[in-house]
Structures are given as structure tokens and as C-alpha cells.
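S.K.: The sequence isn't on hand, but the structure is:
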């Protein structure tokens, strides 16, 4: 299994797989829906589109919308499917195979490859046909909430055959599976498969990317596809733009992007490990700026996008939620935050690779070709479909192998708890050491007074109350006199009480929870 994933589960054999409907009530989270294609949208400024898993009719509706009345229906269209689960269409609706214990909106399914997903799909359709045959032509399945349902099976088609059917109307359609995990970055080889598929396409070739709902995985893929389009623009048109009177090339450069300096550093993506990456890369700051701009265009309307997930700011929002959760939820969320930092780190690294590739592509044009491609101003403008890459992303990272270790050791380098001011801590420790029981009222008052100041940046409400309560519980445990501290810790260890302020107070004062 892939060690980066939150809870990797091997997909397992199809005979024991659960059938789960991809669609569900309230899957559509955006305005202006395309029927049968959940959360379909275009990334502003790019011919890159994002969506969830379509129905058979939804595929055609999405492709028709992408072509509009200008792009030819027989022209090249690239469709990436980033899902790990095999998908089969029953009566035109997508149903995926899941391990029985992994029902829900998404699941991490281990080291799935394009070939293994396709093989599983061929086996899964036989399983579905067999189950329907044994059940009077009806198939039992579940929705994402584990509710059991049943449907009369009229038609069963693999995803591969759905795509082949679409090629009658859209003969230029290329469908490429790149199964990726949900939280952490795609593998380095996944980025290379995406690039290899896009090399040789034009800048105006539409690229569509889907996962189950159109959330994290699809958004990540769209960011990578937009960065490839940026590579094409940079390598192809820099010479061309310079010949246009009155155009300031500096205004077009995405690496000059500046985020609102008033934003919290975490919302700006200024994690310690990212700062170290930026310092390690040639033009690292410019790579981060370009990556941030593309992430913002793929994000929510708040940052200039049309989407649902803001890959950078989502990390900061998760970090804020971390403070108000119980220990079990914190352990899960901590892994998710670290995985998402891993993903952000690799998107910046991929941006640096694409920026270097643009420079190398301009230099790699053969001398005899330069004459054909040179403009009046003496600059070379290479058509996007003629651009070549001199190295893979894996090779780029191989040249800087320490960057792999850096993210593994540094992605957890965050301040997970707020620091209590030293003066406040010294005051509490002094009160506890002098006469703990006599000063207990004053201790609780001062703990809450300190919490009020420490969490003043959080809006009023339940979240703030819970954060202050957790802080009070932990701080009281921290300052307990030694004999009492050992006694309370033993009770928590024995599960006689929990790390809860009132239970600790009860055990301290009356010797019972």
C-alpha cells in the first residue's frame, strides 16, 4: 500500500466487493448544473474542466458543452479519470466496487494502477451480472450512507465500453485513467503520465478531469493540467507576445502573482517545509507564486475560481478545526493536514519542473526549425503541439533527491497547540504549588482569563467554547501538583475518567469523577 495515505485499504477481489452508487442526493454543490455530470465547471482562463463521475448521458452532455459551437466534435479532447475504484454502468448510472468496510464519499484503496483498475472492472461486471442473475434480474447496492437499495438490471456496461461508445460522436476523445489517492500528492509517475498524455496537444485542446464528486482529486488534477497549459503558453508564445505593440509581458507573467498580505500565513501557504522547498529551488518563489495563482483559479469564487475545493486554504481551515476536536478526531485530522501539505509541496515542485521545461523547450528547437519559427522580432514562437520535454518529472526530482526526504520529515512541522504565555503559566504554576485546593477557584478563573485572550481571534460560538474548554482541561492537568497529577493520570489511563475539565476537577476535589 501507499504509505502516504490516511487509511490505505487494498481493493481486494471483486467477488466480495460491495456495489456502491457513485451518485447521491445533494452531490451537486455548484450552480448551473450539467444534467448527469455532477459539479461540472471550467477553470477561468483555461480550457480545463472539472467534474464528478458522469452518467452515460452526462458524458455526452459534458462533451457537447465543452465543444460548444466553436470546437469541432471530431477534434482532440483529453479526459482524465483519477478514480481508484473500478466503475460499471447499470442502466446508464455509475456503480463502483468498494471494499465492504469502505463505503462513503471517497476511500483510499492502496496502490491501484491503470491496468489493475481496468482488470478489476472486467471482473466486476461479471460479478454484477452473476449477482443479478441469482436475484431474479435485480442488483442490490448501497449509497454512500450505506442505505441498501435494489434495481432491476436492464443494461450493464463497463466504463471502457461507455468511452468507446462516445467515440462515435467524439472520435478525437482520449480517456486516460490515473488512479490517485485522495489526500496526499499524486505519485511522481502520475504527474509524468499526465504530461505524456498532454504532450503533442494544442493549447486550445480541451482537458476534462473527473473523480467521484469533483472535489479534491479532480481539483488536484486540474491544477496540474493548468500548469501544463502554462508551460505551453510560456514556451510557445513568449516570443509571439513580445512582437505585439503595447503588450507588457510583465503583466502576463503568473509568477508575479501576489496574495493579500493581510491573509494569515497559513492561508498564504507559508508552511515551514514549503519555505524550505522555495529556498531550495531555482526561482522557488516564482514557482510558488505561479502555483498559488493556478490553485486560486481552481478554487472557490472567493479566490477567483469556480470550484469547491481550495487546495491551499483548505489546509489552514483544517488546522483551525484541529483546535476544537477531541483527541481521536485530532489524530485523523493531523494525518489529513500533513497529507494535504504533501500535496501542496508537490504541486509547487511540479510547477518548478514545468517552468524549467519551458526554458529547455525553447532552447531545444533544432537550428533548421528555428528559421521557420522565428518571428520578425528575432524571437522563436513554437506551436504548442510541437513542444518537447527533455526529462521526466521523476528525473527532475532525482536530480534533487533531498527534496523527497524534506517533505516526509517536514510536513508535520506545524505548531499543533497554541503556546500559553510564559507569565500566565508561571502565575498558574505558583498558585498550584502554594495551596492547590485553596487556590482552585482562582486557578480556574485565571485559566479561562488566559484562554479568553489566547483565542480572541476566533469568532464567538460553539467552536470557540470547545477550544477554550479543551485548553482549560489540558492546562489544569499540566499544573497539577506532582502526587495529585500521578493519581489523575492513573485514573485517565484506567479510563475511570477522561481528559475533561469537570471530571478532573471532580477527581481533584472529591476523589471521584
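M.R.: Ah, there it is. Since this is a predicted model, take the numbers as computed values, not measurements.
S.K.: Would you map the strands across the chain?
M.R.: Assigned by DSSP state E, the chain shows strands spanning 18-21, 41-42, 48-51, 77-81, 87-90, 93-98, 138-142, 148-152, 156-158, 173-177, 207-210.
S.K.: Would you mind listing the outside residues contacting stretch 158-166?
M.R.: With contacts defined as CB atoms under 8 Å, 6 or more residues apart in numbering, stretch 158-166 is touched by 56, 59-60, 63, 79, 81, 86-89, 94, 118, 121-122, 125, 157, 173, 175. Every residue, glycine included, has its C-beta placed from N, CA and C.
S.K.: hang on, I meant stretch 461-469
M.R.: Contacts for stretch 461-469 (CB under 8 Å, 6+ apart): 321, 323-324, 448, 451-452, 455, 458, 501.
S.K.: what number of residues lie near residue 317?
M.R.: 13 (other CB atoms under 10 Å).
S.K.: any idea how far it is from residue 273?
M.R.: Relative to residue 273, residue 317 is positioned 19 Å away (CB to CB, to the nearest Å).
S.K.: now do residue 120
M.R.: Counting by CB to CB, the gap from residue 120 to residue 273 is 35 Å.
S.K.: again with residue 131
M.R.: Taking CB to CB, one finds residue 131 at 47 Å from residue 273.
S.K.: More neighbours: which of those two?
M.R.: Neighbour tally, residue 131 and residue 273, criterion other CB under 10 Å: the higher count belongs to residue 273, 21 against 16.
S.K.: thought the more buried one was touching residue 411?
M.R.: Yes. Counting by CB atoms under 8 Å, residue 411 is a contact partner of residue 273 at 5.6 Å.
S.K.: Find the residues that touch each one of these two.
M.R.: Taking CB under 8 Å, 6+ apart as the criterion, residue 273 and residue 411 both touch 341, 345.
S.K.: Next, the distance between the ends of stretch 311-328.
M.R.: Stretch 311-328 has an end-to-end distance of 24 Å (CA to CA, to the nearest Å).
S.K.: What average pLDDT does it get?
M.R.: The pLDDT scores in stretch 311-328 average 85.
S.K.: Name the residues of that stretch that are buried.
M.R.: Residues of stretch 311-328 classed as buried by neighbour count (16 or more other CB atoms under 10 Å): 311-316, 318-319, 322-325.
S.K.: Using JSON lines, please lay out those together with distance to residue 104.
M.R.: Output for those, formatted as JSON lines (distance: CB to CB, whole Å):
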{"residue": "311", "distance to residue 104": "21"}
{"residue": "312", "distance to residue 104": "25"}
{"residue": "313", "distance to residue 104": "24"}
{"residue": "314", "distance to residue 104": "18"}
{"residue": "315", "distance to residue 104": "22"}
{"residue": "316", "distance to residue 104": "25"}
{"residue": "318", "distance to residue 104": "18"}
{"residue": "319", "distance to residue 104": "23"}
{"residue": "322", "distance to residue 104": "21"}
{"residue": "323", "distance to residue 104": "25"}
{"residue": "324", "distance to residue 104": "23"}
{"residue": "325", "distance to residue 104": "19"}
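S.K.: Filter those residues down to the ones in helices?
M.R.: 313-316, 318-319, 322 (DSSP state H).
S.K.: Flag the shaky bits of this protein, pLDDT-wise.
M.R.: Counting by pLDDT under 70, the chain contains low-confidence residues at 1-12, 237-257, 364-385, 511-513.
S.K.: how far away is residue 77 from residue 143?
M.R.: 31 Å.
S.K.: neighbour-wise, which of these two wins?
M.R.: Taking other CB under 10 Å, residue 77 and residue 143 do not tie; residue 77 has more neighbours (26 against 16).
S.K.: Having no further points to raise, I will conclude here.
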